[in-house]
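Engineer: need a structure here:
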Amino acid sequence: MAKPIGQRPRVLRYVLLAIGWLSVALGVIGIFLPVLPTTPFLLLAAASFARSSPRFYQWLVHHPHLGPWIRDYLDGNGIPLKGKVYAISLMWLSIGFSCYLVPSIWARSFMLTSAVLVTTYILRQKTLRT
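Structural biologist: Okay, the predicted model is just below:
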């Protein structure tokens, strides 16, 4: 059984807080920068805050702009169709461009394998009807 937050080592709580805030920053940047995903970073932030600061967790989950991304996923509502199309399209565009620029067959293979796996994961998620 996990220790209550107050009984966890202080250093661990600070590390989790740092990871949480870094993830929030990257998630917000990902809203505007298509090659950076938003939802995974916000989910990582929520998980980090849940283990280090109930106050920051509540702030994030109930945030008017960031909260719905987390709540829809955690509630099992799925991903909006527009979000799926946007994420998959931009991912393949950026991976394709990266494969064009990178001559290494190993790097290309890794990028393409990652893109196939992420695409499969996104397509298998329930589609949120808006």
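Engineer: on the three-state scheme, the residue lying farthest from the centre of the chain is what?
Structural biologist: For the chain, the residue at maximal distance from the C-alpha centroid (Cα atoms, centre = their mean) is P103, at 28.5 Å. When classified by DSSP: H, G, I helix; E, B strand; the rest coil, P103 comes out as coil.
Engineer: list phi and psi for it.
Structural biologist: Note on P103: its backbone torsions stand at phi -80, psi -20 [degrees, to the nearest 10].
Engineer: against R129, how distant is it?
Structural biologist: Taking Cβ to Cβ, to the nearest Å as the measure, P103 and R129 are separated by 44 Å. For glycine as for every other residue, the C-beta is placed from the backbone atoms N, C-alpha and C.
Engineer: and I70, that one's in a strand?
Structural biologist: No. Under three-state DSSP, I70 falls outside any strand and is assigned helix.
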